[in-house]
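Asker: Have a look at this prediction, sequence included:
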Amino acid sequence: MDITFIIIELALMILLFIMAGVSQKRPNNKFRILYAAPSFIIILLLMFNGFDVHHIGIYIATALQLLSLYLELGKVRQKQILAVTSAIIIVANLVFISISSGYKKLPYLADFKEAFETMKAHYVLAEEKGIDWDVLYAKYKPIFKEVDKTQDHVENYKAWQQFTGEFYDGHVAYLGASEGLSRDAICKAYGNDYGLSIARLTSGEYVAINVEGYDNSYTISSETHDDIGMYTVKKKFMPEGADAARLTLKNAGIKNGTVITKWNGKPVEEYFGEVTYYIDQYPVRENEEFYLPMYVAGIGKNMDYGDTFIPGEEINDKSGNVIKENPSADITFLDDDGNEKTVEAPNLGIYAARLFDTKEKIDNGVKITNLDWQEINDDTAMIRISSMAYDQESYDGSDFTMVSDEMREKVLSLKEAGVKNIIFDLRSNGGGNPYFVEAIAQIFAPKGEHLTYYNAVINESTATYERDANGKYKKGVPSKFEGEDLWHDGHIILLVNAMCVSAGDDMTYIMGSLPNVKVMGFTRSNSSCQAVTGVNMEAGQIQFSAVPNLLEDGEIAIDTYTDHVGRTPFDEKIPFTKEAINAIFDKGQDYLMDYVTESLK
């Protein structure tokens, strides 16, 4: 974009050279306005790209034109000299930035070092997570050094996803500063689309899901799934013949629920060690194992995990040879008679789009506004809570009286109507303010005082939290609320998943311990609860857990330790079966909500 602005500036200088002569033949003070045009263009450049020392020549050339505003109309020669001088400076600046190795070079290595040192000083779960800072630095410095050398934004994204994954913490994440580069990196980081995703059933079998060509499955021709704006660039990533090849799997007899016995000639689980990063964070090992097979489906024949073939771009296979033809994957499956067959599935484009859609179909809660209620049947009502937020004013503070008041009024009206069950849909709850959670929990908790978490004692001189002789953080002041027990005789279901994080974990922990509450889902909640901070670097931002929340015994609240075992309540893991797959991917039904509702009968 900046090159475009520079060329426009150069064109303006040529125009101003010509207009200097025209203004002499047709004197008019309105011509002076033209000399402000270069400054207007520079203001736009600064708004879009900010100040850049590499553009100093452009800034000087523009300033010279402001002098022409004060020259008399008859000073043609002087104005033309200024226009020519500015044009020469602009051309020189353009040549300079075209040969400058430092121009537009993003400091990927410097960003990593800054983020690493900040986390080393202030990440509060290093001991609990078993983080060895020296080992991490030795492992990732060479990776980011290579990224810094190649300036490859896709490899930078992969490196950060791998690095942040080392913490098994849902609050550790990297966000790229450029939305465009970030979107492009995600599109190119998860391999190619061979027409399906893979899931593991509770029974242990691997099956095809979200298969191309079925009514409720994702399809390469769809423009309705746009989590990161992918459909707008999807056609750019589609190889020739993708439309014709899109029904290869369906024609071969592969459908949602078909058992997959091998991927490129190997059992699916043999690829697990190659999957080194994910889109999301899975602190709980069993949650990680649930999603892991989905990532395998993007691996092409003779290609590494994450290698993505893009038409017009070069990519190497495992042997280092340039892939010139559209890649494929060999999919071995069991047909309806139980016979093993293999089909060669051609690449249809980028896998990231299908991966996002697969996760969305499995993970998303009821698609209604946050805090909206729905009547399920005469006995059961459901409330959707997708984030722990009510409005901006309350979110920035701790007064959620309005939440308690609304919940109390609703609960009392439900009791009066004879409703016996409430389902809280917390699936993919992105978190928010923990006081919001207390405002809801107080309505349902037994009467009396309830402690939630203690804060930790901070050492003001070092800006770090103090630990005692046993290595635990020193407890500070507790947070507490008064229970009202307004649903004493009713039942409550919390419907959660691995994307229920932060304050979503808080609610699962606090309400999950109540006597009439049951926590259910395909996967348990994320298990990440500490308060978060973020640090801005030049090419992106790192966020991480920076403020401890402590339980009464001094233990860290909720977050997993080195065993990666979830520590939030989880009463029933709903089986992931072919029946579930059929409901989700063929019929478009909310299988989990239907399952929970049926269980209440």
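Answerer: Here it is on my side, so go on. Here the structure is a predicted model, which is why all the values come from computation and not from measurement.
Asker: Can you verify I7 is assigned to a strand?
Answerer: No - counting by DSSP: H, G, I helix; E, B strand; the rest coil, I7 is not part of a strand but helix.
Asker: what about it, distance to I14?
Answerer: Distance of I7 to I14, given as CB to CB, to the nearest Å: 11 Å. (Glycine included, C-beta is placed from N, CA and C.)
Asker: Check S39 too.
Answerer: The value you get for S39 to I14, if CB to CB is used, is 17 Å.
Asker: So if I had to pick from the two, which one is more boxed in?
Answerer: Remark: of S39 and I14, S39 carries more neighbours, 15 against 12, as counted by other CB atoms under 10 Å.
Asker: which secondary element of this protein has the worst mean pLDDT?
Answerer: Least confident element among the helices and strands of the chain, by mean pLDDT, DSSP states H and E: helix 392-395 (a mean of 62).
Asker: Show the subsequent helix or strand relative to that one.
Answerer: Once the chain leaves helix 392-395, the next helix or strand it forms, by DSSP states H and E, is helix 401-416.
Asker: and for the helix or strand following that next one, what are the contacting residues?
Answerer: As assigned by DSSP H and E, the chain's next helix or strand after helix 401-416 is strand 421-425. Contacts with strand 421-425, where a contact means CB atoms under 8 Å, 6 or more residues apart in numbering, come from 365-366, 376, 379-385, 411, 414, 487, 490-495, 507, 511, 593, 596-597, 600.
Asker: ok, 6 Å please
Answerer: 365-366, 379-384, 491-495, 596, 600 (CB atoms under 6 Å, 6 or more residues apart in numbering).
Asker: Among those, list the two that are farthest apart in space.
Answerer: When CB to CB is used, the two most widely separated members of the contacts of strand 421-425 are G365 and D379, lying 20.7 Å apart.
Asker: Among these two, which residue is more densely surrounded?
Answerer: Shown here are G365 and D379; by other CB under 10 Å, G365 has more neighbours (24 against 15).
Asker: Check the burial of the spatially closest residue to the more buried one that is not a sequence neighbour by counting its neighbours.
Answerer: Nearest in space to G365, with sequence neighbours left out and distances taken as CB to CB, 6 or more residues apart in numbering, is R427 at 3.6 Å. Residues near R427, counting by other CB under 10 Å, number 28.
Asker: Now R427: which helix or strand?
Answerer: Using DSSP H and E, no helix or strand contains R427.
Asker: Among the contacts of strand 421-425, the buried ones, what's the ChimeraX command?
Answerer: Buried subset of the contacts of strand 421-425, written as a ChimeraX selection, criterion 16 or more other CB atoms under 10 Å:
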select :365,366,380,381,382,383,384,491,492,493,494,495,596,600
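Asker: In space, what's closest to A580 - neighbours in sequence excluded?
Answerer: A580 sits nearest to Y591 (CB to CB, 6+ apart), 4.8 Å away.
Asker: if I read this right, the one you found contacts N582, doesn't it?
Answerer: No - the pair Y591 / N582 is not scored as a contact, 8.7 Å apart, by CB atoms under 6 Å.
Asker: The two: who's more crowded?
Answerer: Between Y591 and N582, Y591 has the larger neighbour count (other CB under 10 Å), namely 21 against 16.
Asker: residues contacting that one?
Answerer: Contacts of Y591 by CB under 6 Å, 6+ apart are 580, 583-584.
Asker: Let's have the residues you listed in TSV, adding secondary structure, neighbour count and distance to N192.
Answerer: Below are these laid out as TSV (DSSP: H, G, I helix; E, B strand; the rest coil; neighbours: other CB atoms under 10 Å; distance: CB to CB, whole Å):
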residue	secondary structure	neighbour count	distance to N192
A580	helix	23	27
A583	helix	18	28
I584	helix	22	24
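Asker: Which one of the residues you listed is nearest to K236?
Answerer: I584 (29.5 Å).
Asker: Tell me the confidence at that closest one?
Answerer: I584 carries a pLDDT score of 97 in this model.
Asker: coming back round to it: can you tell me how far the residue nearest to A580 is from F522?
Answerer: Relative to F522, and taking CB to CB, Y591 is found at 9 Å.
Asker: before we move on, what about L348?
Answerer: 27 Å.
Asker: ditto for G273
Answerer: Between G273 and F522 the distance is 24 Å, computed by CB to CB.
Asker: quick one: which of those two has more around it?
Answerer: Taking neighbours as other CB under 10 Å, G273 and F522 compare with F522 leading, 23 against 8.
Asker: which residues does that one contact?
Answerer: 574, 576.
Asker: give me phi/psi at it?
Answerer: The phi/psi pair for F522 (degrees, to the nearest 10) reads phi -60, psi -40.
Asker: Low-confidence bits of this protein, can you list those?
Answerer: Low-confidence segments of the chain (pLDDT under 70): 1-2, 22-32, 48-50, 68-74, 99-104, 224-233, 391-397.
Asker: and with 50 instead?
Answerer: Scanning the chain with the threshold set as pLDDT under 50 gives 1.
Asker: Look up how far L34 lies from the residue lying closest to A242 once chain neighbours are set aside.
Answerer: Leaving out its chain neighbours, the residue that sits closest to A242 by CB to CB, 6+ apart is L348, at 4.7 Å. Applying CB to CB, the value for L348 to L34 is 52 Å.
Asker: With neighbour numbers in mind, choose between those two.
Answerer: Using other CB under 10 Å, the more surrounded residue of L348 and L34 is L348, with 28 against 17.
Asker: Is Y435 in a helix, a strand, or coil?
Answerer: Quick answer, by three-state DSSP: Y435 is helix.
Asker: does W160 really touch A173, like I thought?
Answerer: No - at 8.7 Å, W160 does not count as touching A173 under the criterion of CB under 6 Å.
Asker: For these two, indicate the residue with more neighbours.
Answerer: The residue with more neighbours, out of W160 and A173, is W160; 27 against 19, by other CB under 10 Å.
Asker: Any idea how many residues pack against the nearest residue to the more buried one once chain neighbours are set aside?
Answerer: The shortest distance from W160 to any non-neighbouring residue, by CB to CB, 6+ apart, is to Y174 (3.7 Å). When neighbours are defined as other CB under 10 Å, Y174 has 22 of them.
Asker: Next: Q374.
Answerer: Neighbours around Q374, by other CB under 10 Å: 14.
Asker: Shouldn't it be within a helix?
Answerer: No - the assignment for Q374, made by three-state DSSP, is strand rather than a helix.
Asker: OK, contacts around the nearest residue to it once chain neighbours are set aside?
Answerer: The spatially closest residue to Q374, leaving aside those adjacent along the chain, is M382, at 4.8 Å (CB to CB, 6+ apart). Shown in contact with M382 (CB under 6 Å, 6+ apart): 374, 376, 423, 425.
Asker: Just the element for M382, please.
Answerer: Counting by DSSP H and E, M382 is found in strand 380-384.
Asker: Tell me how far that strand lies from the chain's centre.
Answerer: Centroid separation for strand 380-384 versus its chain: 28 Å, with CA atoms, centre = their mean, to the nearest Å.
Asker: Mind listing the strands it pairs with, and their directions?
Answerer: For strand 380-384, the paired strands and their directions (DSSP bridges) are strand 373-375 (antiparallel), strand 421-425 (parallel).
Asker: Kindly export it (C-alpha atoms) in CSV.
Answerer: Output of strand 380-384 as CSV, limited to C-alpha atoms (Å, rounded to 0.1, in the frame of the first residue of the first chain):
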residue,chain,number,x,y,z
THR,A,380,-37.1,-27.4,31.3
ALA,A,381,-35.7,-24.0,30.4
MET,A,382,-32.3,-23.1,28.9
ILE,A,383,-30.2,-20.0,29.2
ARG,A,384,-27.4,-19.3,26.8
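Asker: what's the angle from it to helix 401-416?
Answerer: 160 degrees (axes from the mean of the first three to the mean of the last three CA atoms, to 10 degrees).
Asker: Alright, calling it a day.
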